[in-house]
Structure formats: C-alpha cells, structure tokens
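Participant: Model the structure of this input:
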Amino acid sequence: MITREHALRLLAEADTPPHLLIHAQETEAVLMALAEHLGQDPALWGRVGLLHDLDYPATQDSPELHGIIAANTLGGMLPEIGLAAIRAHNPATGFAPQSPLDFALRCGETVTGLIHAAALVRPLRTHGLGAASLRKKMKDKRFAATVCRQTIAECQHLGLELDAFLDLAAAAIHTLAADIDLD
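Facilitator: Numbering: from 1, shown residues only. This next block holds a predicted model:
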C-alpha cells in the first residue's frame, strides 16, 4: 500500500490547491477515526480519505470522471476496496456505494465541509465543537449550503447514529486544528 509520504507527493504533483489539501487531511483524519471505531484498518481508510480527490484539479470540469481517474491512477497502490470507495464517493460516476468504506468516505468527506465552516464562525474554533452545535448548523440550510445533509446521514450505513458520527468527526478534525488554521 502507498505510504502517506508518497500520497502527499502525488497530491503535490497533481497541483492540489491548499484548500483541497486541507479537505484531504480532514477526510483522512475522519476516516482513520471511523476505522478505529469500527475495527477496520486505519492506515488504509486514512489513505483513501487523503487521496479521494487526487484527480479533482484535472476533473473539476468533468464531474463524471472525478473518482474514476483517481482510482485508475492509484491502481496497484491501494487495494481494490479502496479504489472502489474512491469511485463511489462521487455519485456522478454511476458507482453506487456498497461497502462500509464506501459509505465512510461519502459521509466522512462530506462532514468535513460542515465542521470546517462551523469552526470558522466560532471563537473557540474546533475546541468543544460537537454534535449539538453541528446539528443546529445542519438545520440551517443556508449555512454551508453546498454540504449535502443527506450524505452526512449515510453514517447510518456504518451503524452510527448521527450524533455519534458528528462527535467522532469533530474530534478527529480537532486533532488537526493547529495544522489547518482552526486552532
């Protein structure tokens, strides 16, 4: 399996913009926390989270290819279950999520937008951010309007209630706060 250092080099070579690199790191942290919680492989799940948008700079004008090109590029570097999750995280590819990793990537990468936006409007940023605050933000459809609440709710496919998922994801992103200017 690809090392984290190699994955970061690939992201740099793909001209990943800084905001997308932050999203990748947040997704990595959330997926690793989910893997630990669910008894899965944190290294694999983290790598999938880190690399899921590898092709975004090249496919942003061709959404139906986003995820497919990344999976093709990463062939031999990740097991097929990871490649399948990368293909399935984008509904435009036509690949439906099936495995726990597929659903984890979909809800895990989506919740990062909500958490990041919520942290930016709080004086304490990620400190103390949890399910209660995030649920309130989810009810306001104008807040982080592009974040799909339905996709976040796919955490149910992992056997997680929404509050437990939101707490887990917020705690995971809090561990990165100093590195991503959310401290």
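
Participant: Let me see the contact set for the residue nearest the centre of the chain.
Facilitator: Nearest residue to the geometric centre of the chain (CA atoms, centre = their mean): residue 109, 2.1 Å. When the contact criterion is CB atoms under 8 Å, 6 or more residues apart in numbering, the partners of residue 109 are 23, 27, 30, 49, 52, 53, 89. In this view, the C-beta of every residue, glycine as well, is placed from N, C-alpha and C.

Participant: Likewise for residue 16?
Facilitator: Applying CB under 8 Å, 6+ apart, the residues near residue 16 are 24, 53, 54, 56, 57.

Participant: what ranges of this structure fall below the confidence cut-off?
Facilitator: Applying pLDDT under 70 to the chain picks out no residues at all.

Participant: residue ranges of the helices in it, please?
Facilitator: Secondary structure of the chain (DSSP state H): helices located at 4-13, 18-38, 42-51, 56-59, 68-73, 80-88, 100-120, 131-139, 149-152, 162-174.

Participant: Just tell me which of the ones you listed ends up closest to residue 181.
Facilitator: Nearest of those to residue 181, taken as CB to CB: helix 18-38 at 8.2 Å.

Participant: which residues sit against that closest one?
Facilitator: Residues from elsewhere that reach helix 18-38 (CB under 8 Å, 6+ apart): 11, 16, 40-53, 56-57, 100, 104-105, 108-109, 111-113, 115-116, 158-160, 168-169, 171-173, 175-176, 179-180.

Participant: Any of those residues buried? List them.
Facilitator: The neighbour-count test (16 or more other CB atoms under 10 Å) applied to the contacts of helix 18-38 identifies 11, 16, 40-42, 44-53, 56, 100, 104-105, 108-109, 111-113, 115-116, 158, 160, 168-169, 172-173, 176, 180 as buried.
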